[in-house]
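Asks: A predicted structure for the sequence below; I have some questions about it.
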Amino acid sequence: MLAAAGVAPLLVYLVVILSTAAVVSLVFHRLRLAAIPAYLVAGAIIGPGLLGVVPSAEHVASISQLAIVLLMFGIGLHTDTGELRGDLASIIGTAVLSCVVITALATAVALVMGESAPAALLLGAGVSMSSTAAVMRLLQQRRELRNLHARLAFGTLIVQDIYAVIVIASVPLLAAWHAAARGGDAGLEPSELLAKGAMAVAGVAAIIVVGRLLLPRVLFLAGRDGGSELVLIVGAGSALGSAAATAALGFSPELGAFLAGFVLATTPARHQLLGQLAPVRDLFVPVFFVAVGLGLDVGSALGAWWVVLLALAAVLLLKVAVVGVAAWAMGMAGPVAAMAGAILAQTGEFTLVVVGVGASRGIVSAEAAAVMGTVVGLSLMLTPSLFYAAPHLARLFVRVRPPLWRRRLVRDIGARRATAQGRDLLAIVAGFGPIGREAVNRLEQAGFTCTIIELNPETVRRQRGLGRRIVYGDVANAEVLHEAGIESADAVLLTMPDHEAMLRACQLVRSLAPTAFVAARSSYLSRGMQAAALGADYVVVDEVATATMMAEQVAARLRLRVEASAGRSTPAAS
């Protein structure tokens, strides 16, 4: 009907995709299943294999490309090299070792099944990746982010995401290899390919260097002169510009988007950007996964159902075993290693990205892509069950201690953690104006450890230079609150004068930290009552506080004056 009325085809397809994705994901939510399989199922339903409402993924290719660019930009922003030092060395070792071993074993199996070497490598690499979205969401819901197995999973996911970028960047080389192996024209002679590769690598290095030198300064000026809106524009523009630059160099746009996020991950605006881009990303990412579902050959997957089930069982068992053994070899105790293996056993969104890119280049066959897409969907559906089974699996290995060659390191790390756990009470203070500064000073004198949230980049830079812990961003931004440590906060003080931001923050803080003591400042009594209704435990109304303080001071001063007068008149009377 919309098409007959002259509506643009792309708009019609978007209406169909988003509507179907919403209905199917609602059903999956009621069944307590993950959202990504719902999007794949929605794509399969409206795709050419069943209803044929959307003829192919090419009809929404531009939106799908934008979605994956935003997704990779967010992954880059999450990848802070500062988090990959110190105690996390064993975690990163676990991630690297498990990725290499799983890729090698899965590649060998794919070769035995008749896949070409380039296709087998892509499929093996895809199997090694887990779902960042599903795992982190479940860890957050279960309030396990601070646990050791959760930190191990998070570090492994970061490395897997970086690995996905490397694999995607290598697809042009794998495509040339695949064409040469099939007797076709690889497009370039080896010397030409090497020269072009060297130029491309130099171009990527130049993007990183220029980004490191230029982008932090531009973001600082944007935050100082234009506020958070201009920061968002600069961040999104850098992601799209870097994606276009790497595409021009012969690499994938996804690599450029990741590099832009990676460069910005060291700037104070990192978490503010993550929170601002999240709604846009969350809108377009379903379109990407529905587009992947459009390309699934449902008939082939159903016809080879036994292959799908065998592959699913093999993937889950392989990843539980390899991740668990790798974690143990890097110093983790048996229960922690077993839990990490269980919660990372599924394949994920970047499995679909890698296989999809390989299929679009003709490296991976349509049949293999269909089987892998079905395996991904089923494994994501099983992820909540894997989380449920993880503690039971851990009990079987409770007597397994870390290996001899890692026990000293584990004792040292444990001692440092035990020292760190004896912390002061943590207070998050939003806003560092006169009221915020005075609140921080008094709380620190009372023995609190304070983290400040501030939107003025100049203040952030100055206070960091003084050694304070301060986060740039809006307190009504969930990513900013997570960076400030909202999960372990004992108190949150909202001292900024922006009433709308204060009300949004009250609601968000209460949802993220149900037990934290929330104190808010308001200039008007009506807004103070709204803040209390949204979760504030204590509200200071400027008007009432001023009147109360004035009355107390007047009463105290007059009392002293009367007492002084009475003291002077007593000798004369006697």
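Replies: Yes, it's here.

Asks: now whichever strand or helix holds L558, how far from the centre of its chain.
Replies: Element membership of L558, judged by DSSP states H and E, is helix 542-573. How far helix 542-573 lies from its chain's middle: 58 Å, per Cα atoms, centre = their mean, to the nearest Å.

Asks: C-terminal to the lowest-mean-pLDDT helix or strand in the chain, what's the next element?
Replies: Among the helical and strand segments of the chain, the one scoring lowest on mean pLDDT, DSSP states H and E is helix 407-421, with a mean of 45. Counting by DSSP H and E, the next helix or strand C-terminal to helix 407-421 is strand 426-430.

Asks: give the other helices and strands that that next one contacts.
Replies: Judged by 3 or more Cβ pairs under 8 Å, 6 or more residues apart in numbering; DSSP states H and E, the packing partners of strand 426-430 are helix 434-445, strand 449-454, strand 491-494. Bear in mind the C-beta positions are built from the backbone N, C-alpha and C, glycine included.

Asks: only the C-alpha atoms, please, for the shortest one, written as PDB.
Replies: This points to strand 491-494. What follows is strand 491-494, C-alpha atoms only, in PDB (Å, rounded to 0.1, in the frame of the first residue of the first chain):
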ATOM      1  CA  ALA A 491      26.000   8.100  47.600                       C
ATOM      2  CA  VAL A 492      25.200  10.200  44.600                       C
ATOM      3  CA  LEU A 493      25.000  14.000  44.900                       C
ATOM      4  CA  LEU A 494      23.300  16.000  42.100                       C
END
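
Asks: quick one: that strand to chain centroid distance?
Replies: Taking mean C-alpha positions (Cα atoms, centre = their mean), strand 491-494 and its chain are 25 Å apart.

Asks: quick one on the thing from earlier: compile the helices and strands packed on strand 426-430 into a markdown table and extend it with columns for mean neighbour count.
Replies: Shown next, in a markdown table, are these (neighbours: other Cβ atoms under 10 Å):
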| stretch | mean neighbour count |
| --- | --- |
| helix 434-445 | 15 |
| strand 449-454 | 24 |
| strand 491-494 | 26 |
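
Asks: pretty sure V540 belongs to a strand, no?
Replies: Yes. Assessed by DSSP: H, G, I helix; E, B strand; the rest coil, V540 belongs to a strand.

Asks: would you say K319 is within a strand?
Replies: No. Counting by three-state DSSP, K319 is not found in a strand; it is helix.

Asks: separation between the residue nearest to it when sequence neighbours are not counted and M136?
Replies: Excluding its sequence neighbours, the residue lying closest to K319 (Cβ to Cβ, 6 or more residues apart in numbering) is A345, at 4.4 Å. Distance check for A345 against M136: by Cβ to Cβ, to the nearest Å, it reads 15 Å.

Asks: higher neighbour count, those two?
Replies: A345 (24 against 16; other Cβ atoms under 10 Å).

Asks: need the pLDDT of T449.
Replies: pLDDT recorded at T449 is 90.

Asks: kindly state the beta-bridge partners for it.
Replies: L426 (DSSP bridges).

Asks: quick check: it touching I428?
Replies: No. The criterion here is Cβ atoms under 8 Å, and T449 misses it with I428 at 10.0 Å.

Asks: coming back round to it: can you tell me the SS state at the residue nearest to K319?
Replies: Secondary structure of A345, per three-state DSSP, is coil.

Asks: ok, it to L443 distance?
Replies: 44 Å.

Asks: also E115?
Replies: Distance from E115 to L443, by Cβ to Cβ: 61 Å.

Asks: then E254?
Replies: Here E254 is placed at a distance of 44 Å from L443 (Cβ to Cβ).

Asks: and L214, how many neighbours does it have?
Replies: Other residues close to L214 by other Cβ under 10 Å number 12.

Asks: can I assume it sits in a helix?
Replies: Yes. Judged by three-state DSSP, L214 forms part of a helix.

Asks: what sits against it?
Replies: When the contact criterion is Cβ atoms under 8 Å, 6 or more residues apart in numbering, L214 has no partners at all.

Asks: need the pLDDT of it.
Replies: pLDDT, L214: 87.

Asks: with the one 3 residues further on instead?
Replies: Per-residue pLDDT puts R217 at 86.

Asks: tell me how many other residues surround it.
Replies: 10.

Asks: can you say which helix or strand has it in it?
Replies: Judged by DSSP H and E, R217 forms part of helix 190-225.

Asks: what's downstream of that helix, the next helix or strand?
Replies: Remark: after helix 190-225, the chain's next helix or strand is helix 227-248, criterion DSSP H and E.

Asks: show me what whatever helix or strand comes next after that following helix packs onto, helices and strands only.
Replies: Next helix or strand after helix 227-248 toward the C-terminus (DSSP H and E): helix 253-264. For helix 253-264, the elements it packs on are helix 61-78, helix 148-169, helix 190-225, helix 227-248, judged by 3+ Cβ pairs under 8 Å, 6+ apart.

Asks: would you mark the buried spots in the next helix or strand after helix 253-264?
Replies: Per DSSP H and E, the first helix or strand lying C-terminal to helix 253-264 is helix 270-294. For helix 270-294, a neighbour-count test (16 or more other Cβ atoms under 10 Å) marks 270-277, 281, 284-294 as buried.

Asks: can you list the weak-confidence ranges in the stretch 101-250 of the chain?
Replies: When residues are selected by pLDDT under 70, those of the stretch 101-250 of the chain lie in 137, 140-141, 143, 145-146, 183-197, 200, 250.

Asks: buried residues in stretch 142-152?
Replies: Applying 16+ other Cβ under 10 Å to stretch 142-152 flags E144, L148, H149, A150, R151, L152 as buried.

Asks: ok, residues contacting that stretch?
Replies: 88, 91, 94, 139, 154, 327, 332, 336, 339-340, 343, 387, 390, 487-488.

Asks: and those, which of them are buried?
Replies: Neighbour counting with 16+ other Cβ under 10 Å marks 88, 91, 94, 139, 154, 327, 332, 336, 339-340, 343, 387, 390 as buried within those.

Asks: thinking A342 is in contact with A321, fair?
Replies: No. Using Cβ under 8 Å as the test, A342 is too far from A321 to be in contact (10.7 Å).

Asks: who has more neighbours out of those two?
Replies: The neighbour comparison of A342 against A321 (other Cβ under 10 Å) goes to A342, with 27 against 16.

Asks: quick check: the gap between A484 and T449.
Replies: Distance from A484 to T449, by Cβ to Cβ: 12 Å.

Asks: ok, now S130?
Replies: If you go by Cβ to Cβ, the gap between S130 and T449 works out to 34 Å.

Asks: ok, A329 next?
Replies: According to Cβ to Cβ, A329 and T449 sit 36 Å apart.

Asks: go on, A89?
Replies: Taken as Cβ to Cβ, the spacing of A89 relative to T449 amounts to 26 Å.

Asks: and if you look at V41?
Replies: Remark: distance between V41 and T449 (Cβ to Cβ) = 47 Å.

Asks: same question for D537.
Replies: 20 Å.

Asks: domain parsing for the chain?
Replies: Taking automatic domain parsing as the reference, the chain has its domains at 9-395, 426-548.

Asks: of the ones you listed, which is nearest P402?
Replies: domain 9-395 (4.9 Å; Cβ to Cβ).

Asks: and the closest one, how far out from the chain middle?
Replies: For domain 9-395 - counting by Cα atoms, centre = their mean - the centre lies 12 Å from the chain centre.
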